[in-house]
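# Return a 3D structure for these sequence lines:
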Amino acid sequence: MSLSASPEASDEVATYVANCIGFIELERPKALNALSLGMIRAIHAALDDWRENPDVLAVVVRSQHPRAFCAGGDIRFLYESAKRGEHEARDAFFIEEYRLNHAIFTYPKPYIALTNGVVMGGGMGISQGAHRTGGLRVVTQSTKMAMPETRIGLFPDVGASWFLARTPGAIGRYLAVTGEAIGAADALYAGLADLYIDDAALPALIDILRSELFERARTWLRASSGKAALIRSRRSRSSRRLPARGGWSTGILRFPTCRAFSPRFSRSAIAIPPIGPSRPLPYCGSAHRFPWLFRWRW
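Numbers count the residues shown, from 1 in each chain. Take a look at the predicted model:
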């Protein structure tokens, strides 16, 4: 395995290339990996460096720390900047953060976000664009996902008006207004995640990505895709479907089922991640208690 570091890496972000994959690792655990301006610039610089690099075929963003993937923007920095009257610093932070979000959503290579622990605000901004690139948004049993900006007097930003608007029924509006946190099963059901994996399996996954030959991975995916299609076909016969959402399909295998952990939006013990342009929906017990959350918009 050969490693090559990005020249723009900061102390709070490690960026390197291994096995034709660009890795971005968030390293600010005391602040739950809250994005500082230096982190934003380092991530953006790495993505720009790899965009046209033929030796980089995909990008993986992750945290090595179990408590959080990314808790959002650096609220303390923004508060102190406003208190000192440094409005230019505050504006620069938001401008560069939104530019990074746009760069991720429009990235020409698969972008995979491994989102364990806290995933809130700015953490959603650097992960939700993954499915637009042909990549994946991976959740674990520790994932706590939210857009809590309304709780501090802000509004859901970082592209939330796009990805929350594409959740079933009024779930997006509910999450935007309340700032409620959801777990892995709810994220999969709402279309805010694509794949589930146990936290304990993440280190082995990273090792495989760093070392496994791509030809072996393609062979495994081809062998597994037939099983996924068969399970999808069987489930579709007993499930309702949302209207097809054209325009995105990763071509990467998604596990057809995911064990749910206290699901809020699904009564079933199985949460079904999206596979292809439309996705089967499990029976939803919450629809009887909160019918306004589940009115389909055609």
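
# quick one: contacts for residue 21?
Going by Cβ atoms under 8 Å, 6 or more residues apart in numbering, residue 21 touches 56-60, 209-210. Glycine gets a C-beta too; all of them are placed from N, C-alpha and C.

# who does it bridge with?
Counting by DSSP bridges, residue 21 is bridged to residue 18, residue 58.

# how far away is it from residue 12?
Distance, residue 21 to residue 12, using Cβ to Cβ, to the nearest Å: 21 Å.

# ditto for residue 29
The gap separating residue 29 from residue 12 is 10 Å, by Cβ to Cβ.

# Settle it for me: which of those two has more neighbours?
residue 12 (19 against 14; other Cβ atoms under 10 Å).

# was I right about residue 191 contacting residue 168?
Yes: counting by Cβ atoms under 8 Å, residue 191 does reach residue 168; the two are 7.0 Å apart.

# Which parts of the stretch 51-200 of the chain are helices?
75-83, 87-105, 122-125, 160-163, 171-178, 184-189 (DSSP state H, counting those that start in this stretch).

# what pLDDT, on average, does the fifth one get?
In other words, helix 171-178. For helix 171-178, the mean per-residue pLDDT is 91.

# For it, buried residues please.
For helix 171-178, burial by neighbour count (16 or more other Cβ atoms under 10 Å) applies to 171-172, 174-176.

# got the contact list for that helix?
Outside helix 171-178, the residues touching it (Cβ under 8 Å, 6+ apart) are 146-147, 150, 156, 160, 163-167, 180, 182, 190, 265, 293-294.

# Give me the neighbour count for the nearest residue to residue 29 once chain neighbours are set aside.
In space, and not counting its chain neighbours, residue 29 is closest to residue 65: 4.3 Å by Cβ to Cβ, 6 or more residues apart in numbering. For residue 65, the count of nearby residues is 17 (other Cβ under 10 Å).

# Surely residue 65 and residue 25 touch.
No: using Cβ under 8 Å, residue 65 is not in contact with residue 25; the gap is 9.6 Å.

# Convert the C-alpha atoms of stretch 73-93 to CSV, please.
Provided in CSV are the C-alpha atoms of stretch 73-93 (Å, rounded to 0.1, in the frame of the first residue of the first chain):
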residue,chain,number,x,y,z
GLY,A,73,-19.6,24.4,12.0
ASP,A,74,-17.4,26.0,14.7
ILE,A,75,-20.1,27.8,16.6
ARG,A,76,-17.7,29.1,19.2
PHE,A,77,-15.6,30.7,16.5
LEU,A,78,-18.7,32.3,14.9
TYR,A,79,-19.9,33.6,18.3
GLU,A,80,-16.5,35.1,19.3
SER,A,81,-16.1,36.7,15.8
ALA,A,82,-19.5,38.3,16.1
LYS,A,83,-18.7,39.4,19.7
ARG,A,84,-15.5,41.1,18.5
GLY,A,85,-17.2,42.7,15.5
GLU,A,86,-15.2,40.6,13.0
HIS,A,87,-17.9,40.3,10.5
GLU,A,88,-15.5,39.7,7.6
ALA,A,89,-14.2,36.6,9.3
ARG,A,90,-17.7,35.3,9.9
ASP,A,91,-18.7,35.9,6.3
ALA,A,92,-15.6,34.2,5.1
PHE,A,93,-16.4,31.1,7.1
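
# residues making contact with it?
With Cβ under 8 Å, 6+ apart as the criterion, stretch 73-93 contacts 31, 34-37, 40, 97, 121-122, 152.

# ok, now how distant is residue 125 from residue 159?
Distance, residue 125 to residue 159, using Cβ to Cβ: 6 Å.

# what's the overlap in contacts for these two?
Joint contacts of residue 125 and residue 159 (Cβ under 8 Å, 6+ apart) are residue 101.

# re the thing from before, neighbour-wise, which of the contacts of stretch 73-93 leads?
residue 35 (29 neighbours).

# Ignoring the adjacent residues along the chain, who's closest to that residue?
Counting by Cβ to Cβ, 6+ apart, the nearest residue to residue 35 once its immediate chain neighbours are dropped is residue 122, at 4.7 Å.
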